[in-house]
Structures are given as C-alpha cells and as structure tokens.
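K.L.:
everything below, folded, please.
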Amino acid sequence: MLSYIIEGGNKLEGEVNSSGSKNASLPILAATILSGKTSTLYNVPNIQDTQTMLRILKLLGCKISKKNGKVNIDSRDIKIQEIPDELMRKMRSSVILAGAIIGRQKNATFSYPGGCDIGTRPIDLHLKGFEQLGIKIEESGGSIRCHCDKITGNDIHLDFPSVGATENIILAAVLAEGDTIITNAAMEPEIVDLQNFLNKMGAKISGAGTNIIKITGVKNLKDVSYTVMPDRIEIGTLLCMSAITGGEIIVNNVKIEHIRPIIHKLEETGSKVIIEKNKIQLIGTKKLKATDIKTMPYPGFPTDMQSVFVSMLSTAKGTSMVVENIFENRYKYVNELTRMGAKIKIEGKVAIVKGVRKLVGAEVNATDLRGGAAMCTAAIAAKGISKIKNIEYILRGYENLDKKLTKLGANIKIQK
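P.N.:
Down below sits the predicted model:
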C-alpha cells in the first residue's frame, strides 16, 4: 500500500503542463476495437486506469506498443468476447468496452464494473439502450451476456444524461444498420472527443456536446491517428491546490471552454484568473472567500471537482454551502478532512463548510479518486506533516501528481 507524505505550508508557484484526459482516453481506447485496424493515440495519460484498459485490450487480442507518449493499438485479431471479471472490478469505465465489443462482434460477456465507491451508478441505462438497438441481454450470477444477429439503429431517450450510457450507445451504434438518435444525451467534452475520434476513423456522428446525438451506421472504419484532449479535472485540481496556498501558477495545454464553471467559482473565492489561448494563470489571494456550489451535469459544475473545492473552501473566510446532485456517497472523504481540523457538516446531499484559519497535518485515507485529491489539497496547505494512505485511488486518475507538485514547490514524496 502506497502513501503520500506531504509537509504543508509551501505556496504552489510556477508553470506546469496538463496531462491527457482520463475520462476521454478510456472510451477512446475502447473505441479502437471497432475498426479492426490500427489506431495511433497521443496524449494518453500514463495512469492506472489507462494501464488497466490496455491490459484488457491486450487480453482481448489487440497488439499494443507504447513509445515516447504514443500508443499504437492494432485490433485486427480480436477474437475473445469476454471482459475478465478481475479487471472489470478494478475500473468502472471498463463497462465502456461492452458497446465496442458488441459493435464489432455482436456478442459480449462481462460482469458488473468496479471503481470508486461514491454511490449507486447502475448500468441499467446502458443495457436499456442496447436492447433498443436489438441486442438481447441475459443476466446470470452477476454475469451479463449481450448478443444479437445484427444491430439496428433506433431512437433512444435516456432517463438521465448518463455519460457512460451515452458513450456505450454511441460505440454500439457506429457499425449498426440505419440511424440512431440519442435524446437527453450527456453533453460532456469527453463525449465530443469520442465523437471526433470516431469520425476521424470514418464514423458518421453529429451532435456531441448537445443533448441530441445522431449516429448513422457505417460498414467500415479505417486507421486513425488522434490526440486526446487535456484533462479538465486535473487542471481544476492544480488550480485549487495553488489557490489554497495563495500561490501563483500557470497551467499549459488547456481548453478554456471546458473549465468555465471551475474558473467562475475560483474567481468568486477571490483568486484572479488570467486566460490565454491555451493556458491559464491563477494568482492566489491572501485569504479565500466562501462561495456556494451545486454539482450538475455538464455544462454545470462538475461532480469530480466537488471534493477538491470543499477541501479548498475549508480554509475560506465565511461559510460555504455545497450541494452534491450526482452521487450520494461523494462526501465519504469529509471524515478524513475533519481530522485535519476542517469544520464541515453534512445534511443529506448538502455540505456546510465553515472556514477555519488553518488546517493541521494528520494521517488520513484516500477514500476514492477525487476524495484522495481533496486530501492532497488540504495537506499542501496544512501546518505540519500529513500522511495520505491508499493513494492507489489517486494514481488511477492523476499522472505524475507528486512530480508536478514538487515542480511547483510542494514538499511531497511517495512512501511504500
């Protein structure tokens, strides 16, 4: 079990490059199955989740090579149709492989996915979408088998704008017969990135980034080379980490339109944000101000940033109200944060955050990926030394976080 040892008190200052998006890379990696040809990807972050996805692709029969930040995936020889249970349980995003395998082979077997325990994330919307495409679903002993003779386009309305269900339906429909229209689709930038990748491969998809997506089935796809978008959650995390220390940083490789809600809330806390074409500069304030947040599907404030903002707001002047509208277990990290002196009260889906003058170093656990990032945020600003255990959660989604923070002036090291 790995831990971070962080001695707090240093301002985060300097310049750092963002990594490729975890949440865009995973569905794009799954989509490489569809072509039966070679996909060359750039800017795929080297994190545990992408490593797990590549392991699954290799087990399914893909030939994979990596060199100098480039990943080549040859999916010609895929024959296996079952996603290994052990790997499914490690990462929730592995369920995205189902749509790609079904789309390619008309047959897929998998178990319920794992990942962070942040609340109920049923895949019923995924399965309901598959059924509307003519795919038969059989469940037995925790295993799910999806199969059909052909996939037929259809009009599909999602009861909730689920990112994963939207992506899975797109993947299953790319090689279908006829048109598929998804209404109440999720609008996240990562879905736009998936559309752009698939279209470059020869798919016919339009509407990603809106709540109506149209997929016209094609018969064949081609070789493709593609660069994954930057990680908007990592960028937001780094900005918050600097803001809580009153520091000043520049983050390069940024798509500003992806992080507008984060920028808006940082400005409300008193931080100054300067925007350039593909970079963002944050100039911290001596004392942060409280602000209120409600998480919502994109283009609202992202649930993945909620815990990091609560950590930052725990030292702000005044009382902040945070409402979590997406995942009911997203406040598990709060007990750990209170060990460091934070004053937070949870009432249902509302967190009442009363700012304190200073946090104090402590031994705490990373409860999930973003909760772990929240503990790092607190530890960087806290007085004294903190030990953050179970950082395997953090390593799932942040590339070289310790090295980036060290470059910015933090005192952080990994302990085995």
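K.L.:
now the nearest residue to Ile233 once chain neighbours are set aside: how far from Ser314?
P.N.:
Once its chain neighbours are removed from consideration, Ile233 has its nearest residue in Asp304; the separation is 4.7 Å (Cβ to Cβ, 6 or more residues apart in numbering). C-beta coordinates here come from the backbone N, C-alpha and C atoms, glycine included. Shown here: Asp304 relative to Ser314, a distance of 18 Å by Cβ to Cβ, to the nearest Å.
K.L.:
the two: which has the busier surroundings?
P.N.:
Neighbours were counted for Asp304 and for Ser314 using other Cβ atoms under 10 Å; Ser314 has more, 27 against 23.
K.L.:
okay, and Tyr226 sits in which element?
P.N.:
Secondary structure from DSSP states H and E places Tyr226 in strand 224-227.
K.L.:
same thing with Arg370?
P.N.:
In this structure, Arg370 is located in helix 369-381 according to DSSP H and E.
K.L.:
list the helices and strands the helix or strand just after that helix packs on?
P.N.:
Next in sequence after helix 369-381, counting helices and strands by DSSP H and E, comes strand 385-389. When contacts are defined as 3 or more Cβ pairs under 8 Å, 6 or more residues apart in numbering; DSSP states H and E, strand 385-389 packs onto strand 3-7, strand 363-365, helix 369-381.
K.L.:
show residues contacting the shortest one.
P.N.:
I take that to be strand 363-365. Contacts made with strand 363-365 from outside it, assessed by Cβ atoms under 8 Å, 6 or more residues apart in numbering, are listed as Glu336, Leu337, Arg339, Met340, Met375, Ala379, Ser386, Lys387, Ile388, Lys389, Asn390.
K.L.:
and the third one, how close does it get to Lys358?
P.N.:
Pointing back at Arg339 there. Here the criterion is Cβ to Cβ. By it, Arg339 lies 14 Å from Lys358.
K.L.:
for the residue nearest to Leu239 when sequence neighbours are not counted, give me its contacts.
P.N.:
Once flanking residues are discounted, Leu239 sits nearest to Leu282: 4.9 Å by Cβ to Cβ, 6+ apart. Under the criterion of Cβ under 8 Å, 6+ apart, the neighbours of Leu282 are Leu239, Ser242, Ala243, Gly247, Glu248, Ile249, Val251, Leu266, Ser271, Lys272, Val273, Ile274.
K.L.:
any of those buried? List them.
P.N.:
Among the contacts of Leu282, those that count as buried by neighbour count (16 or more other Cβ atoms under 10 Å) are Leu239, Ser242, Ala243, Gly247, Glu248, Ile249, Val251, Leu266, Ser271, Val273.
K.L.:
next secondary structure element downstream of the helix or strand hosting Ile280?
P.N.:
In the assignment (DSSP H and E), Ile280 maps to strand 279-283. For strand 279-283, the following helix or strand on the C-terminal side (DSSP H and E) is strand 293-294.
K.L.:
the helix or strand following that next one packs against which elements?
P.N.:
Following strand 293-294 in sequence order, the next helix or strand is helix 306-313 (DSSP H and E). Under the contact criterion of 3+ Cβ pairs under 8 Å, 6+ apart, the helices and strands touching helix 306-313 comprise helix 232-245, strand 319-323, helix 334-338, strand 350-354, helix 369-381.
K.L.:
try 6 Å this time
P.N.:
Judged by 3 or more Cβ pairs under 6 Å, 6 or more residues apart in numbering; DSSP states H and E, helix 306-313 is in contact with helix 232-245, strand 350-354, helix 369-381.
K.L.:
comparing those, which comes out most buried?
P.N.:
Counting by mean count of other Cβ atoms under 10 Å, helix 369-381 has the highest mean neighbour count of these, with a mean of 29.
K.L.:
which positions in stretch 126-144 come out as buried?
P.N.:
His126, Leu127, Lys128, Gly129, Phe130, Gln132, Leu133, Gly134, Ile135, Ile144.
K.L.:
what does stretch 51-59 give?
P.N.:
Thr52, Met53, Leu54, Ile56, Leu57.
K.L.:
roughly how far does the residue lying closest to the third one once chain neighbours are set aside sit from Lys70?
P.N.:
In other words, Leu54. The spatial neighbour of Leu54 that comes closest, neighbours along the chain excluded (Cβ to Cβ, 6+ apart), is Ile64 at 5.7 Å. Separation of Ile64 from Lys70 (Cβ to Cβ) stands at 11 Å.
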